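# next one to model:
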Amino acid sequence: MNFNNIISEMMQPMTLVTSTDNFVRVSTHCLYPSNGTVSVSVRKHFDLFVVSDDGDAVREVESSGLSVVKIDNRLKHVVKQQGLLVKDGTIYSPPVPVEAIPAVILLVANASKEAADWMLRNIKWHKQRDFKKDVSNLLARYFNDSMKADDVIVGDSNKQHHFGHIVHLPENRRLVVDAVTNDPSSICARVIANLDVKKLNDNSIIQRIIFDDHVQWNSSDLKLLEMGGTPIPFSSAARAIEALIANG
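The predicted structure follows:
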């Protein structure tokens, strides 16, 4: 194998493409300030296609604790030179032909990253972050029609446990997602609930715990989360969800 092929194979896993009924989601090599991967969506518009960041730049900034309101006019100067548009915090392209999609994907991804950078430098801090709402909004983007909030699963101890989000997947599978903050009571409560469900040894139940990596965690607390389910930092949660969808 020559050098070019080696590099090509090494880079290929860094790009992940997932699809739904309405759009195709593409992860790129661009990174937000949190080091989360920039992903964009491609949607058909008659015979053309529109590429969008789905408002991820704004969500990236909001996840840091900033309040982002009426941002469109302030972001126009960031995206205008690239020929892009912004509406309700979403950066998107005008309709383009299919052959232009790869180039426009990179254009929108770079613009989304630059917009997040600009907002972090220029918006004043005056709001506490609602981490659980951020997780809920992220999941709704992928599973809006199949997700139930505050759903219940009976654990191995026959106790009912309430979970923030349960996604009902094909073949009667369920994806259980807990949002956990760096607080001893939150950690213990969610680990106990997840561990009781884990003891069912039910292969149709997939458990994921999303934790707020905007704040620093002790390694011992992260190990504790692993007892209940697979812990995922919020900054890489979108990519983890896309990989889960891609793997069926």
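# now do the buried residues in the longest helix seen in the chain.
Counting by DSSP state H, the longest helix found in the chain is helix 101-122. For helix 101-122, a neighbour-count test (16 or more other CB atoms under 10 Å) marks 101, 104-120 as buried. Just so you know, the C-beta spots here come from the backbone N, C-alpha and C atoms, and that holds for glycine as well.
# equivalent analysis for stretch 151-158, please.
Applying 16+ other CB under 10 Å to stretch 151-158 flags Asp151, Ile153, Gly155 as buried.
# how about a markdown table for these, with distance to Asp88, pLDDT and secondary structure added?
Listed next are those as a markdown table, based on distance: CB to CB, whole Å; pLDDT from 0 to 100; DSSP: H, G, I helix; E, B strand; the rest coil:
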| residue | distance to Asp88 | pLDDT | secondary structure |
| --- | --- | --- | --- |
| Asp151 | 29 | 83 | strand |
| Ile153 | 35 | 91 | strand |
| Gly155 | 41 | 92 | coil |
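# now those residues as JSON lines including distance to Lys223?
Below are these laid out as JSON lines (distance: CB to CB, whole Å):
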{"residue": "Asp151", "distance to Lys223": "27"}
{"residue": "Ile153", "distance to Lys223": "23"}
{"residue": "Gly155", "distance to Lys223": "21"}
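# buried residues in the helix or strand that contains Lys133?
In the assignment (DSSP states H and E), Lys133 maps to helix 131-143. Buried residues in helix 131-143, counted by 16+ other CB under 10 Å: Phe131, Lys132, Asp134, Val135, Ser136, Leu138, Leu139, Arg141, Tyr142, Phe143.
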